[in-house]
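> Next one to model:
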Amino acid sequence: MANQSKTIWLLSSNGHKLQCHVSTDKPLAALLKQKYALALGVSSEPLILLFDGKKIQEEDTFDSLAMEAHDIVDVLEGSECTKTVKT
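Residues are numbered from 1 along each chain as shown. Okay, here's the model as predicted:
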C-alpha cells in the first residue's frame, strides 16, 4: 500500500512516549530521530531506533519492516547507545 500515513509510537527507556505519523513508503530513521529530538530537546545524532529488537537502518520504511499501525519503536539515547544492538 504505497504512500499511506500510519501512526507509530516512539518509546524511550526513561519513559518518554511520542506519537508519530509516518508515510508507509518513506525512510523512517532520519525522520523519527528528528521528530524525537525536536520534541524532547535532545540531539538526534546519538539516537538509535529499534523495532522488534533490531536497529532501524537509514533506508528502512514502515512497509519494509512489516510494521502495523500503532507499533512501538524503541529509542536509545545517551549512555544507552553504547549497548550492543542487533543489526
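
> separation between Gly53 and Glu77?
17 Å (Cβ to Cβ, to the nearest Å). All C-beta spots, glycine's among them, are computed from the backbone N, C-alpha and C.

> Show me which of the two is the more surrounded one.
Remark: of Gly53 and Glu77, Glu77 carries more neighbours, 20 against 8, as counted by other Cβ atoms under 10 Å.

> Confirm for me that the more buried one is in contact with Pro46.
Yes. Counting by Cβ atoms under 8 Å, Pro46 is a contact partner of Glu77 at 6.3 Å.

> This structure: strands as residue ranges?
5-12, 17-23, 48-51, 54-55, 72-76 (DSSP state E).

> what's in contact with the last one?
Strand 72-76 is touched from outside by 8-13, 16, 28, 32, 36, 47-51, 56, 83, 85, with contacts defined as Cβ atoms under 8 Å, 6 or more residues apart in numbering.

> got the contact list for the nearest residue to Leu18 once chain neighbours are set aside?
Residue nearest to Leu18 in three dimensions, not counting chain neighbours: Leu10, with 4.4 Å by Cβ to Cβ, 6 or more residues apart in numbering. The contact partners of Leu10, by Cβ under 8 Å, 6+ apart, come to 16-18, 20, 32, 35-36, 49, 72-73, 75.

> Next, the contact list for Phe62, please.
6, 8, 22-26, 28.

> separation between it and His70?
12 Å.

> list residues touching both of those two?
Ile8.

> I'd like to know how far Asp52 sits from Pro27.
Distance of Asp52 to Pro27, given as Cβ to Cβ: 18 Å.

> of these two, who's got more company?
Legend: neighbour count by other Cβ under 10 Å for Asp52 and Pro27, higher for Pro27 (17 against 13).
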